[in-house]
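>>> Got a predicted structure here, sequence first:
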Amino acid sequence: MSKELDMPSDELLIDLADLYKVFGDYSRVRIMYILLQEELCVQDIATSLDMTQSAVSHQLKILKQNKLVHARREGKSIYYSLADEHVSNILDMGREHLEE
């Protein structure tokens, strides 16, 4: 006899699929990995990853909309960091899975 699956709502499953789509972009994953190390501004991220500031800003907007990064203003500068430990855990688990 099969065990009944505790299936989340369709809305939650759609949100989960959308979240994983965000992780499906190479540039966004690179940005999240650099933010694992330290909080940075757009210019520093762009320089470190050899990307344009415009491209980094675009990706950060998507990451912020999906609650994966946090922005903090200091004077005229905005510094970005990963939103919480869940984001780093998702990155770590994906990497561990691939390295097995």
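Thanks, I have the structure now. Numbers count the residues shown, from 1 in each chain.
>>> And the pLDDT for the nearest residue to residue 39 once chain neighbours are set aside?
Distance criterion CB to CB, 6 or more residues apart in numbering; nearest residue to residue 39, sequence neighbours excluded, is residue 81 at 4.2 Å. Backbone N, C-alpha and C define where each C-beta goes, glycine included. pLDDT, residue 81: 98.
>>> ok, what's across the strand from residue 81?
Note on residue 81: beta-bridge partners by DSSP bridges are residue 70.
>>> quick one: contacts for it?
Residue 81 makes contact with 35, 38-39, 69-70, 72 under the criterion CB atoms under 8 Å, 6 or more residues apart in numbering.
>>> mind putting those in CSV, distance to residue 17, pLDDT and neighbour count included?
Shown next, in CSV, are the contacts of residue 81 (distance: CB to CB, whole Å; pLDDT from 0 to 100; neighbours: other CB atoms under 10 Å):
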residue, distance to residue 17, pLDDT, neighbour count
35, 23, 98, 24
38, 31, 96, 9
39, 29, 97, 15
69, 20, 98, 23
70, 23, 97, 16
72, 29, 96, 11
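>>> Any chance of TSV for the residues you listed, columns distance to residue 59?
Converted to TSV, the contacts of residue 81 look like this (distance: CB to CB, whole Å):
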residue	distance to residue 59
35	11
38	17
39	16
69	9
70	15
72	18
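>>> Closest to residue 10 out of the residues you listed?
Closest approach between these and residue 10, by CB to CB: residue 69, at 27.1 Å.
>>> quick one, longest helix in this protein?
Secondary structure of the chain read by DSSP state H shows that its longest helix is helix 85-99.
>>> what is the rounded mean pLDDT of that one?
Helix 85-99 comes out at a mean pLDDT of 95.
>>> Would you mind pulling the contact partners of it?
23, 29, 32-33, 36, 68-69, 82.
>>> What lies in contact with the strand or helix carrying residue 15?
Element membership of residue 15, judged by DSSP states H and E, is helix 10-22. The set of residues external to helix 10-22 that reach it, using CB under 8 Å, 6+ apart, is 7-8, 28, 62-63, 66, 68.
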